[in-house]
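[1] Got a sequence here, can you build the structure:
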Amino acid sequence: MDEPIDINSADQDTLDAIEELQGHGPEIVRYRDERGGFTDLRQLDEVPGLTGKVSDTARAKLKL
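    Residues are numbered from 1 along each chain as shown. Reported below is the predicted structural model:
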């Protein structure tokens, strides 16, 4: 994965392809849809099931 993935447009399968987020794609998309998108990658910590689990390595693979 060369280019960071846009967290506000990626589908759940694309998000699940990120090793550190695997299995959480549906929750990320649901959170995004309910709240109108991410404005900061630190908001990943607010996604149910990801609280305190998102590493800087995972965030480096994403963009807004």
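[2] what's next to the worst-scoring helix or strand of the chain on mean pLDDT, contact-wise?
    Using mean pLDDT, DSSP states H and E, helix 56-60 stands out as the lowest-scoring helix or strand of the chain, at a mean of 91. Outside helix 56-60, the residues that touch it by CB atoms under 8 Å, 6 or more residues apart in numbering are 4, 18, 20-21, 41, 44. (Glycine included, C-beta is placed from N, CA and C.)
[3] got it, and stretch 38-49?
    By CB under 8 Å, 6+ apart, stretch 38-49 touches 7-8, 24, 27-28, 31-32, 50-52, 54, 58-59, 62, 64.
[4] quick revisit: neighbour-wise, give me the winner out of the contacts of helix 56-60.
    Neighbour counts for the contacts of helix 56-60 (other CB atoms under 10 Å) peak at Leu21, which has 27 neighbours.
[5] How much space separates Gly49 from Gly23?
    Gly49 is 8 Å from Gly23, where distance means CB to CB, to the nearest Å.
[6] before we move on, what about Asp40?
    Per CB to CB, Asp40 is found 23 Å from Gly23.
[7] just checking, which of the contacts of stretch 38-49 belong to helices?
    27-28, 31-32, 58-59 (DSSP state H).
[8] Looking at these, which is nearest Gln12?
    For those, the residue nearest Gln12 by CB to CB is Ile28; the value is 7.1 Å.
[9] Just give me the neighbour total for the closest residue to Val29 other than its chain neighbours.
    Spatial nearest neighbour of Val29, excluding adjacent residues (CB to CB, 6 or more residues apart in numbering): Gln12 at 4.8 Å. Using other CB under 10 Å, Gln12 is surrounded by 16 other residues.
[10] can you pull the contacts of Gln12?
    Contacts of Gln12 by CB under 8 Å, 6+ apart are 25-26, 28-29.
[11] Buried ones among these?
    In the contacts of Gln12, burial by neighbour count holds for 25, 28-29, counting by 16 or more other CB atoms under 10 Å.
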